[in-house]
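1. Quick one: sequence and predicted model below, then my questions.
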Amino acid sequence: MRCTNNKYRRRRRRRQRRRNRTNRILVLLLCVVLFMGAGTAAVMIFLSQNGNVVERYESRVYTDGLYQGELFAQNLCVSSDGDVALDGMQDDSALHGAGLFNMEDKEVVYGYHLYDRLYPASTTKILTAYIALKYGNMDDKVTVSANATDFNWDESVCGLRTGDTLSMYDLVCGLLLHSGNDAAVAIAEHISGSEEAFVELMNSEAAALGATDSHFVNPHGLHDDDHYTTAYDLYLIFNECLKDERFVEIISLNPYTAVITGADGTTRTETWIPTHFYASGDAVAPNGVQVIGGKTGTTNKAGNCVILYDEDSDGTPYISVIMGAEDKTILYEEMNQLFSAGILQGISASSSN
């Protein structure tokens, strides 16, 4: 019986609060009408004819106020078509996908198979880094497990050893710059307790960013038929990463030296340089384009991939991505062609207007 009485008392309190709110608004309306000199009779007529004005007002305002945030795609480059033509850029059927995105104008400048499902290889690690920066403490000391060092000799690693201790910041630098699979697993285990739990987080975070054509099964990108993404999903993830100044700072580093404490207590250093050719000097961007940094990825099935953060001479930011080039020479030739056609020609067109 007590619970029933409480239920009715709560209902009465809610009704009383509504009546009080209604009365306050009606009093305000009454004052306004009196101030305008309408007189008592007019006031009574007003109240009799507008008894439901408060209900109508609340219903309308409540509905209007349900959503006051920004629309999801408001600040994104969006295209309804997976192929967006660009003068001076010839589609290469040997590539798996490509895109150029003007982040200032929110424009897809070029798109080739933007929405095709592709294997991402180590470009996967931008999502791993995003989660590390979002959920991790960069000052945390992380101890490297045996599982994190269980990679073949020909797989990309940072040279970590079982029992090593280093900071989370060191690991993210090794992950993004040197593309360390060992760093990826160490991050995953520290953030989520296991690779499997971290992968669940990867997929939920990717979906939250709109990367709904992606599915991940590991934090590093070694091949798995069920591990895939699209050129556009990579753009979405990378675009979100760039909102974190720490991410931009890290991909801009060249080189980075980590201080690592071994299991025996001795310290050593490991120096990592970015894997993309613009950092090593093996490729040179055209004059007027500056490559800030990015992430590469290569496996037999994924081909050669790279996603980059670029700026033109006016400081306009771009994201450029090429996936599936047959070799690294073709990868950077195609990227430079994309820079010339999509960035430099855009500057020339703006200057002539």
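-> Ah, there it is.
2. all helices for the stretch 251-353 of the chain, in order.
-> 277-280, 328-339, 345-352 (DSSP state H, counting those that start in this stretch).
3. wait, what's in contact with the most centrally placed residue in the chain?
-> Nearest residue to the geometric centre of the chain (Cα atoms, centre = their mean): residue 240, 2.5 Å. Residues near residue 240 by Cβ atoms under 8 Å, 6 or more residues apart in numbering: 130, 209. C-betas here are computed from N, CA, C, even on glycine.
4. mind running it again at 6 Å?
-> Taking Cβ atoms under 6 Å, 6 or more residues apart in numbering, we find residue 240 in contact with residue 209.
5. Give me the phi and psi for it.
-> In terms of degrees, to the nearest 10, the main-chain angles of residue 240 are phi -70, psi -40.
6. separation between it and residue 305?
-> Distance of residue 240 to residue 305, given as Cβ to Cβ, to the nearest Å: 19 Å.
7. and the gap between residue 278 and residue 289?
-> 10 Å.
8. actually residue 226, sorry about that
-> Relative to residue 289, and taking Cβ to Cβ, residue 226 is found at 36 Å.
9. Counting neighbours, go ahead and name the busier of those two.
-> residue 289 (24 against 7; other Cβ atoms under 10 Å).
10. Residue 90 - that's part of a helix, no?
-> No - per DSSP: H, G, I helix; E, B strand; the rest coil, residue 90 lies outside any helix segment and is coil.
11. how about it, phi and psi?
-> phi -90, psi 130.
12. Tally up the residues packed near it, please.
-> 9.
13. Same question for the one 10 residues further on.
-> Residue 100 has 29 neighbours, counted by other Cβ under 10 Å.
14. That one contacts residue 108, doesn't it?
-> No - assessed by Cβ atoms under 6 Å, residue 100 is found out of contact with residue 108, at 7.6 Å.
15. What ranges does the stretch 151-300 of the chain have for its strands?
-> 165-167, 256-261, 267-272, 289-299 (DSSP state E, counting those that start in this stretch).
16. Any regions of the stretch 1-150 of the chain where pLDDT drops low?
-> Applying pLDDT under 70 to the stretch 1-150 of the chain flags residues 1-73.
17. which residues in it form helices?
-> According to DSSP H, counting those that start in this stretch, the helices that the stretch 1-150 of the chain contains are 2-35, 40-49, 53-64, 125-135.
18. quick one on the thing from earlier: pipe the strands of the stretch 151-300 of the chain into a markdown table and attach distance to residue 339 per row.
-> Shown next, in a markdown table, are these (distance: least, Cβ to Cβ, whole Å):
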| stretch | distance to residue 339 |
| --- | --- |
| strand 165-167 | 35 |
| strand 256-261 | 26 |
| strand 267-272 | 26 |
| strand 289-299 | 5 |
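19. closest to residue 155 out of those strands?
-> strand 289-299 (9.9 Å; Cβ to Cβ).
20. Give the buried residues for that closest one.
-> By 16 or more other Cβ atoms under 10 Å, the buried positions in strand 289-299 come out as 289, 291, 293-299.
21. sorry, back to before: deepest-packed of the helices of the stretch 251-353 of the chain, please.
-> Comparing the helices of the stretch 251-353 of the chain by mean neighbour count (mean count of other Cβ atoms under 10 Å), helix 328-339 ranks first with a mean of 20.
22. What mean pLDDT does that helix get?
-> Helix 328-339 carries an average pLDDT of 98.
23. Quick one: list the elements packing against it.
-> Packing partners of helix 328-339 (3 or more Cβ pairs under 6 Å, 6 or more residues apart in numbering; DSSP states H and E): strand 317-325.
24. for the strand it packs on, packing partners?
-> Using 3+ Cβ pairs under 6 Å, 6+ apart, strand 317-325 sits against strand 97-102, helix 231-241, strand 303-312, helix 328-339.
25. How about residues contacting stretch 91-106?
-> By Cβ under 6 Å, 6+ apart, stretch 91-106 touches 77, 108-114, 116, 118, 231, 235, 316-326, 338, 342.
26. Go ahead and produce PDB holding the CA coordinates of it.
-> The C-alpha trace of stretch 91-106 is given here as PDB (Å, rounded to 0.1, in the frame of the first residue of the first chain):
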ATOM      1  CA  ASP A  91      42.000   6.600 -62.600                       C
ATOM      2  CA  ASP A  92      44.400   3.700 -62.300                       C
ATOM      3  CA  SER A  93      42.600   0.300 -62.300                       C
ATOM      4  CA  ALA A  94      45.700  -1.200 -60.600                       C
ATOM      5  CA  LEU A  95      44.900   0.700 -57.400                       C
ATOM      6  CA  HIS A  96      42.300  -0.500 -55.000                       C
ATOM      7  CA  GLY A  97      41.100   2.900 -53.900                       C
ATOM      8  CA  ALA A  98      42.100   6.600 -53.500                       C
ATOM      9  CA  GLY A  99      40.800   9.900 -52.200                       C
ATOM     10  CA  LEU A 100      41.600  13.500 -51.600                       C
ATOM     11  CA  PHE A 101      39.700  15.500 -49.100                       C
ATOM     12  CA  ASN A 102      39.800  19.300 -48.600                       C
ATOM     13  CA  MET A 103      39.200  19.600 -44.900                       C
ATOM     14  CA  GLU A 104      38.600  23.400 -45.000                       C
ATOM     15  CA  ASP A 105      36.000  23.400 -47.700                       C
ATOM     16  CA  LYS A 106      34.600  20.000 -46.600                       C
END
